[in-house]
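Asker: Sequence and predicted model, in that order:
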Amino acid sequence: MNTELYGESLHGNFKPSEEQALFDPHPYCIGPRHVEHAATNFSGQLGYVAIESAEAKGISCAHRGCNLPFKDHKRVLAVDCLQDFQDNPTAEGELKQWLLKIQSVLVSEDVVGVAFVKKF
């Protein structure tokens, strides 16, 4: 996940975690069949269109036992919290303002949730 897209909160107490990447149920896994399909049909470019095309040909997530399509692998934004926002109206306001500011980016990036990582 590109953490630069989200920036950080006004006072820097909340920002995307560079250490945490969260997915539900797991990250979509690219396998050799995906690569072969992209090489044969998309000049080696393995993007969303190539993945959707591969899935139409029966090539699914390479995670063992997974048959979910790419669209069903959800992303969650992990947020480093340098300030406790519970029972702290100032920090809570800062967090709320930042989340509202990045809401459109979260939607466009198909992020379905936010998880808070305590760093204080």
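Answerer: Ah, there it is. Numbering: from 1, shown residues only.
Asker: switch to C-alpha atoms for all contacts and neighbour counts from now on
Answerer: OK.
Asker: max-length helix in the protein?
Answerer: Ranked by residue count, the top helix of the chain under DSSP state H comes out as helix 89-108.
Asker: List the buried residues of that one.
Answerer: Residues of helix 89-108 classed as buried: 91, 94-95, 98-99, 106 (neighbour count, 16 or more other Cα atoms under 10 Å).
Asker: What is the nearest of the residues you listed to residue 62?
Answerer: residue 106 (25.9 Å; Cα to Cα).
Asker: From residue 5, how far out is that closest one?
Answerer: Separation of residue 106 from residue 5 (Cα to Cα, to the nearest Å) stands at 9 Å.
Asker: Please enumerate the strands of the chain.
Answerer: Taking DSSP state E, the strands of the chain run over residues 14-16, 22-24, 74-81, 111-118.
Asker: any idea which of those is most buried?
Answerer: Of the strands of the chain, the one with the most neighbours on average (mean count of other Cα atoms under 10 Å) is strand 14-16, at a mean of 24.
Asker: Run through who's touching that one.
Answerer: With contacts defined as Cα atoms under 8 Å, 6 or more residues apart in numbering, strand 14-16 is touched by 3, 6-9, 77-83, 95, 98.
Asker: and with 6 Å instead?
Answerer: By Cα atoms under 6 Å, 6 or more residues apart in numbering, the surrounding residues in contact with strand 14-16 are 3, 8, 78-81.
Asker: one step back: confidence-wise, which of the strands of the chain is weakest overall?
Answerer: Among the strands of the chain, strand 22-24 carries the lowest mean pLDDT, at a mean of 87.
Asker: That one pairs with which strands, parallel or anti?
Answerer: strand 74-81 (antiparallel) (DSSP bridges).
Asker: How about the contacts made by the closest residue to residue 30 other than its chain neighbours?
Answerer: Of all residues beyond its chain neighbours, the one nearest residue 30 is residue 62 (5.7 Å), with distances taken as Cα to Cα, 6 or more residues apart in numbering. Contacts for residue 62 were tallied using Cα under 6 Å, 6+ apart; they are 29-31.
Asker: Could I get the pLDDT score of residue 62?
Answerer: The score at residue 62 is 97. That number is its pLDDT.
Asker: That'll do, ta.
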